[in-house]
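A.B. asks: sharing a sequence plus its predicted fold:
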Amino acid sequence: VIGASLLFAGTAIGAGMLALPAETAAAGFFPSELSLLLCWLFTFTTSLVTLEASWFVGQDKEAFPEGAGFLSMSRSTLGPAGEGVTA
């Protein structure tokens, strides 16, 4: 669990996220602040959706006795089309 959390944190705070303030500085403070808040909101929302899907799949011990990966979560929550989009 700790390793997965650190992997997620390292992915969420990458070089692109660190470059956003420098790239949006020309627009001014308030537009930059708004765009950064929207980026944060999107990242936060998608992490909660991923957490909910992980929890949902973790409850089904019969279908996933050893746990599930990201594609298994996509297939069980979104169906075959969602799995194809995720892959």
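C.D. replies: That came in fine, so what should we check first? Numbers count the residues shown, from 1 in each chain.
A.B. asks: worst-scoring helix or strand of the chain, pLDDT-wise?
C.D. replies: Among the helices and strands of the chain, helix 15-24 carries the lowest confidence by mean pLDDT, DSSP states H and E, at a mean of 76.
A.B. asks: right, and the helix or strand after the host helix or strand of L34?
C.D. replies: Assessed by DSSP states H and E, L34 sits inside helix 29-59. Later in the chain than helix 29-59, the nearest helix or strand by DSSP H and E is helix 70-86.
A.B. asks: tilt between the helix holding L34 and helix 70-86?
C.D. replies: Computed by axes from the mean of the first three to the mean of the last three C-alpha atoms, to 10 degrees, the angle separating helix 29-59 from helix 70-86 equals 130 degrees.
A.B. asks: please identify the buried residues of helix 29-59?
C.D. replies: Buried residues in helix 29-59, counted by 16 or more other C-beta atoms under 10 Å: S32, A53, S54, V57. For every residue, glycine as well, the C-beta is placed using N, CA and C.
A.B. asks: pLDDT score for the third one?
C.D. replies: Think S54. We note a pLDDT of 81 for S54 in this prediction.
A.B. asks: surely it and M73 touch.
C.D. replies: Yes: between S54 and M73 a contact is recorded at 6.2 Å, counting by C-beta atoms under 8 Å.
A.B. asks: off-centre distance for stretch 31-51?
C.D. replies: Mean C-alpha position of stretch 31-51 versus that of the full chain (C-alpha atoms, centre = their mean, to the nearest Å) differs by 10 Å.
A.B. asks: and the contacts of it?
C.D. replies: The contact list for stretch 31-51 (C-beta atoms under 8 Å, 6 or more residues apart in numbering) reads F8, A12, M17, L20, P21, T24, A25, A27, M73.
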